[in-house]
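**Q** what would the 3D arrangement of this be:
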Amino acid sequence: MSTDLEHALRRALRDAAETVVPRPDPMRRLLQRRRRRWAGLGAFFAAIAVAAGAALIPALQAGPAQRADGGDGYRITPWARTLLDSPTRGSLAGTPLLAEVERGIGDRAGGSGLDRVKVLFLGDVAGRRFVAYARFDDTRAALYFNDTAAGDSVARLVTGGSGDLPLTPLVRITGSATPALVGLAPTDCRIATSATGTVSGNGVVAREWTDSPQGSWVARDSSRPAERWRVTCGSTVRFEGPAVPVDEVALGTDLVAAGGLVHGAVVQRWGGSIDGLNWTLTTTLLSGGGIAAVLTSGAGAGVGRAAVATGFPPPVAGSATADRDGWALISTAVSADPDVIAIRVPQRTGAFTYYSERVLVVATATGAWSVSAPASPGSTETALDNGVKVISTDGGPVRITNVEGVDLGGAYVARERDAPELLGEKLVSDW
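**A** Numbers count the residues shown, from 1 in each chain. Predicted coordinates:
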């Protein structure tokens with residue numbers, strides 16, 4: 001199991017049982033104002049933070065996975081029930097090995113109150129044998145998975161691995177010894193993948209999607225494939241986002257590739273201080289046109305992880321674990337104009353990392369003099385300082401002009417209604 005995915009899964013379990021109240025913040029008044037304006041979005045953003053890793057919940061009832069009262073496992077949601085009702089998938093699902101695996105799992109019940117077993121996946125991927133199964137009863141379920149060498153015994157396959165996790169509609173498991181990833185959705189859903197996109201002037205990324213040959217499941221020989229996944233059930237997109245969650249990553253992770261965008265060499269575009277923190281802005285040309293940008297703060301000594309902002313602060317703190325002290329902060333953006341980058345500066349309150357109203361603008365167009373952006377009310381215009389400026393804006397189009405007022409190009413900054421998003425693309429979790 002990959003380090004990043006394991007962090008996401010285990011964090012979801014901790015978050016379901018813990019609440020942390022953010023410590024006082026200099027932007028308290030601003031956040032209170034935003035909370036009053038956007039109170040209806042709080043549960044949505046809190047749900048996305050959990051769903052991206054391991055606790056996907058039915059549509060309109062978002063929230064962390066809940067332990068069943070007084071018992072093992074987690075409450076079975078309607079979409080998790082649909083997954084349980086789906087046939088076993090994988091290259092070995094139709095072989096006699098399936099019955100052997102079912103018996104092996106049953107022999108290792110271990111005193112669990114979940115007395116039924118459903119093998120969700122059984123197959124060979126990248127030279128490894130994968131199994132994913134659920135223990136369940138009428139109302140509760142828990143997910144277990146493991147992988148071994150393809151020639152190992154059934155006893156070894158069903159022993160060890162990861163388990164006692166929430167059963168989510170989209171199951172993602174990675175290889176423990178070989179780079180590999182399996183994605184599994186309910187059988188009536190379709191998984192499609194995309195590895196590149198084209199950025200438009202209003203910051204929208206247009207993509208071409210390829211349906212998985214297996215329909216409702218997909219297998220890759222990478223633990224973090226450079227692609228975006230989309231799960232459609234009926235005519236509704238229930239999930240869209242990176243193949244592996246990116247809300248927490250190791251420093252140095254290629255976020256642009258992880259977000260499903262093929263790109264060229266990464267170059268440092270700017271470095272400096274904002275609000276007392278040191279930041280680095282890197283950009284890269286996208287194969288489909290436009291550029292992607294990543295803004296990263298410095299990390300504490302010996303800290304090798306980063307929290308990635310994808311949305312605005314929820315009005316209520318919700319569930320979180322305060323274990324991110326010293327972590328770097330990251331935000332992302334795309335632009336159709338390679339000469340103009342406008343990217344939100346992330347910030348943290350307690351354990352939450354989110355977009356602030358501050359936006360770093362970097363313009364390299366010859367003669368760039370000033371930047372204008374939407375504000376409340378109207379708009380604001382200010383002079384650039386050697387092509388760089390930090391402004392405050394509600395989001396939307398940012399334009400660069402020369403000293404005569406001639407438009408030299410621009411970029412688009414995410415608004416609250418655009419979030420949650422990564423690299424200009426919405427993150428969807430509508431189970």
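**Q** pull up the distance across stretch 247-257, start to finish.
**A** With CA to CA, to the nearest Å as the measure, stretch 247-257 spans 14 Å from end to end.
**Q** swap in stretch 277-295?
**A** 12 Å.
**Q** in that stretch, which residues are buried?
**A** Buried residues in stretch 277-295, counting neighbours by 16 or more other CB atoms under 10 Å, are found at 279, 281-284, 286, 288, 290-295. For glycine as for every other residue, the C-beta is placed from the backbone atoms N, C-alpha and C.
**Q** TSV please, covering these and showing pLDDT.
**A** Formatted as TSV, the buried residues of stretch 277-295 follow (pLDDT from 0 to 100):
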residue	pLDDT
279	97
281	98
282	98
283	98
284	97
286	94
288	87
290	93
291	96
292	97
293	97
294	98
295	98
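**Q** host element of residue 156?
**A** Assigned by DSSP states H and E, residue 156 belongs to helix 154-157.
**Q** next structured bit after that helix?
**A** strand 162-165.
**Q** I'd like the next helix or strand past that following strand.
**A** Taking DSSP H and E, what comes next after strand 162-165 is strand 171-174.
**Q** direction included, what does that next one pair against?
**A** Note on strand 171-174: by DSSP bridges, its sheet partners are strand 181-184 (antiparallel).
**Q** chain center to the partner strand: distance?
**A** 15 Å (CA atoms, centre = their mean, to the nearest Å).
**Q** before we move on, what about stretch 361-377?
**A** 30 Å.
**Q** run through who's touching that stretch.
**A** Applying CB atoms under 8 Å, 6 or more residues apart in numbering, the external contacts of stretch 361-377 come out as 269-270, 281, 339-342, 359, 379-384, 387-403, 408-409, 411, 413.
**Q** make a PyMOL selection of the buried ones in these.
**A** To isolate the buried members of the contacts of stretch 361-377 in PyMOL, using 16+ other CB under 10 Å:
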select buried, resi 269+270+281+339+340+341+342+359+384+387+388+389+391+393+395+396+397+398+399+400+401+408+409+411+413
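**Q** quick check: strands, which of the contacts of stretch 361-377 are part of them?
**A** 269-270, 281, 340-342, 359, 379-383, 388-392, 396-401, 408-409, 411, 413 (DSSP state E).
**Q** can you tell me the element the spatially most central residue of the chain falls in?
**A** The centre of the chain sits closest to residue 245, judged by CA atoms, centre = their mean, with a distance of 3.7 Å. Residue 245 belongs to no helix or strand when assigned by DSSP H and E.
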